[in-house]
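*Asks:* Provided below for reference: sequence and predicted model.
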Amino acid sequence: MNEEIIWTKTILKVYRYLERISGAIDRLVLRCGLGSGSFNSQMFYQNNVLSISQKIINLSERKVTLINLKVLTETILKKLKAEDAKILIEKYVDGRKYKDICLRNQISLRTIYRRLDASENAFARLLVAKGYSGQKLSQMLENENWILSVYNQLKEKNDDFDLSSSFLDRAVSM
């Protein structure tokens, strides 16, 4: 499978969680900042200004990356034909099964497969046209192990895995 297609599926699959993870990062930054006021000799090393500042900077950079990914996804979806974007959203963002998409759109299963394939290819072409090759996405998301995990699952052709809440909890702490 083409690397950009795998990235397309990955981005669309994680899209609905980007805002939730960003919110969790905000809470971590707040907790980190509020926790810096407590001081005792055992916690001095962990609570010094430099380490707290670095932790907040790292969390903020993660959030910026996730927001950029969300904006990129929305920009590309807006550039696609409406019916292509709709099918991608139903399949990857909403997690609907093929038969459900067929019923909702009153089209055959074969047509769904063809349109989904064409939509994925169009999304991937737009990713590359915007300068986001597979290599660039790998570099951009190198610190987001949860997204890389989704990418690896899809690369192994495991399309039907779910992102559990425990998986997402670990994603915040990565």
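*Replies:* Cool, got the structure. Numbering: from 1, shown residues only.
*Asks:* burial check on the residue lying closest to residue 61 once chain neighbours are set aside, number of neighbours?
*Replies:* The shortest distance from residue 61 to any residue other than its chain neighbours is 7.8 Å, reached at residue 143 (C-beta to C-beta, 6 or more residues apart in numbering). The C-beta positions use only the backbone N, C-alpha and C, and glycine is treated the same way. By other C-beta atoms under 10 Å, the residues close to residue 143 number 12.
*Asks:* so how far is residue 25 from residue 143?
*Replies:* 12 Å (C-beta to C-beta, to the nearest Å).
*Asks:* give me the common contacts of these two.
*Replies:* Residues touching both residue 143 and residue 25 (C-beta atoms under 8 Å, 6 or more residues apart in numbering) are residue 62.
*Asks:* right, and residue 21 touches residue 69 too?
*Replies:* No: counting by C-beta atoms under 8 Å, residue 21 stays clear of residue 69, with 10.3 Å between them.
*Asks:* for the chain, which segments count as helices?
*Replies:* In the chain, the helices defined using DSSP state H lie at 3-35, 49-79, 82-88, 98-105, 109-129, 134-140, 145-155, 165-173.
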